[in-house]
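In: Build me a model from this:
(one chain, ligands or ions: 2)
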Amino acid sequence: MRNLYLPHLTTIKTLVKENPDTWTFELEFQDPGLRDSFSFRPGQFGLLSAFGAGESTLTLASGSLRRGSLDVTFRRIGRVTGALAILNEGETVGFRGPYGNRFPMESFRGKNLLFIAGGIGLPAVTSVLYDALENRGDYGTMTILYGARSSRDLVYKKQISEWEKRPDVNMVKTVDPWGVSEGWDGMVGLVPAVLEQINPPAKNAAVIMCGPPVMIKFSLQTLEKLGFSSEQVYLTLENKMKCGLGKCGRCNIGDIYICKEGPVYTAAEIQKMFPDF
Ligand SMILES: Cc1cc2nc3c(=O)[nH]c(=O)nc-3n(C[C@H](O)[C@H](O)[C@H](O)COP(=O)(O)OP(=O)(O)OC[C@H]3O[C@@H](n4cnc5c(N)ncnc54)[C@H](O)[C@@H]3O)c2cc1C
Ligand code: FES
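Out: Ligands and ions are numbered 1, 2, ... in the order given. Here you go, the predicted structure:
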């Protein structure tokens, strides 16, 4: 039986430096069989290893319908992400996964989708976004509200300009009031404030959200004010993880293992797990 902790070898096929601290790798499995057979569901994550440094938990950021390669986007914050950040195209990294639960795409069908993301939270929701765009006719309106501290900090600038061109996507980008630079053509304001300004209708909507805790906290309050229920809001929890397999006890809250049962929850479920949320 294959060792559960043994990573598959992947090659960095392309590398994009998104901003001074953030990189996207397009990874290709070195085993040709896996290139064809690997699949995952939107919201799942993998463990990426920089050999000699360790493993990092990263959300699978490409569409789940794509075959042959997958994308991950990471911010350099410590030991492993620092070691990943100095790699080049053509180099090898380890990958194990996919792990965790998923966004319920089937219950999003026919609904108006509202994506709310802040900073490095955007890659955590793009697998849902790409899958919905692949089957655009299955969904109602699509609004993407994405905020970053400054225009320099935005990730996925190329994708954002493509979404801005689509008549069937309402792309709203914003930067913090103190992060505006010359030539900025988006909105100015924190995500919860801009959310209130754009005032999306709550009826028949599903919200898919990821971002820093403070953004989530105030966006949830704004959503409530706009008439959204906590059952309509889906979030992904980025608790610290190590094994990803429900074995090490690093990610649990009480007897709930986020790596196995999460990381995707509705706001209603999270409020039950953390009454102070
Ligand atoms: C389900 C899930 C999905 C994730 N998806 C992404 C993603 O797509 N892109 C991305 O950039 N990051 C993501 N993260 C966070 C990422 O796993 C960590 O940033 C990374 O593992 C840090 O590794 P490191 O060795 O570089 O940092 P370390 O050297 O381990 O830590 C540096 C500092 O960051 C803190 N830290 C480390 N991990 C976390 C964490 N998960 N939450 C809060 N603080 C932390 C440490 O306490 C320390 O202060 C995700 C985490 C989870 C659990
Ligand atoms: S990460 Fe080890 S139990 Fe969840």
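
In: Just read off the phi/psi values of the residue of the stretch 1-150 of the chain found nearest ligand 1.
Out: The shortest separation between the stretch 1-150 of the chain and ligand 1 is 2.1 Å, found at G78 (distances taken as CB to the nearest ligand atom). All C-beta spots, glycine's among them, are computed from the backbone N, C-alpha and C. G78 has phi and psi values of phi -160, psi -150 when expressed as degrees, to the nearest 10.

In: Let me see the contact set for it.
Out: Taking CB atoms under 8 Å, 6 or more residues apart in numbering, we find G78 in contact with no residue.

In: Please enumerate the helices of the stretch 51-200 of the chain.
Out: Using DSSP state H, counting those that start in this stretch, the helices assigned to the stretch 51-200 of the chain run over residues 79-85, 105-108, 126-134, 157-165, 191-198.

In: so what does the shortest one touch, helix or strand wise?
Out: Here helix 105-108 touches helix 126-134, strand 205-210, going by 3 or more CB pairs under 8 Å, 6 or more residues apart in numbering; DSSP states H and E.

In: Kindly present these as a markdown table, with separate columns for mean pLDDT, mean neighbour count and distance to T10.
Out: Below are the helices and strands packed on helix 105-108 laid out as a markdown table (pLDDT from 0 to 100; neighbours: other CB atoms under 10 Å; distance: least, CB to CB, whole Å):
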| stretch | mean pLDDT | mean neighbour count | distance to T10 |
| --- | --- | --- | --- |
| helix 126-134 | 98 | 22 | 17 |
| strand 205-210 | 98 | 25 | 24 |
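
In: Looking at the ones you listed, which is nearest to ligand 2?
Out: Nearest to ligand 2, of all the helices and strands packed on helix 105-108, is strand 205-210, at 18.5 Å by CB to the nearest ligand atom.

In: Quick one: residues in contact with that closest one.
Out: Contacts to strand 205-210, defined as CB under 8 Å, 6+ apart, come from residues 103, 107-108, 111-118, 121-122, 124-125, 128-129, 216, 219, 223, 228, 232-236, 238.

In: give me that answer again for 6 Å
Out: Taking contacts as CB atoms under 6 Å, 6 or more residues apart in numbering, the residues outside strand 205-210 that touch it are 108, 111-117, 121, 124-125, 128, 232-236.

In: Tell me which of the helices and strands packed on helix 105-108 sits nearest to M1.
Out: Taking CB to CB, helix 126-134 is the member of the helices and strands packed on helix 105-108 nearest to M1, at 29.1 Å.

In: near ligand 1, anything from the closest one?
Out: No. Interface with ligand 1: helix 126-134 contributes nothing (CB under 6 Å from any ligand atom), its closest point being 9.6 Å away.

In: what's the answer for stretch 211-227, then?
Out: No. For stretch 211-227 and ligand 1, the contact criterion (CB under 6 Å from any ligand atom) is not met; the two come no nearer than 9.5 Å.

In: What are the buried residues along that stretch?
Out: In terms of neighbour count (16 or more other CB atoms under 10 Å), stretch 211-227 has its buried residues at 211, 215-216, 218-220, 222-223, 226.

In: next one: stretch 228-241
Out: Buried residues in stretch 228-241, counting neighbours by 16+ other CB under 10 Å, are found at 228, 230, 232-238, 241.

In: Least confident of these?
Out: Comparing pLDDT over the buried residues of stretch 228-241 singles out E238 as the least confident position, at 83.

In: Distance of it relative to ligand 2?
Out: Relative to ligand 2, E238 is positioned 12 Å away (criterion: CB to the nearest ligand atom, to the nearest Å).

In: Secondary structure element holding that residue?
Out: Using DSSP states H and E, E238 is not contained in any helix or strand.

In: What sits closest to it if chain neighbours are left out?
Out: When the adjacent residues along the chain are set aside, E238 lies closest to P263, with 6.7 Å between them (CB to CB, 6 or more residues apart in numbering).

In: On the C-terminal side of the strand ranked longest in the chain, identify the next helix or strand.
Out: For the chain, the longest strand by residue count, based on DSSP state E, is strand 8-19. Sequence-wise, the next helix or strand downstream of strand 8-19 (DSSP H and E) is strand 22-29.
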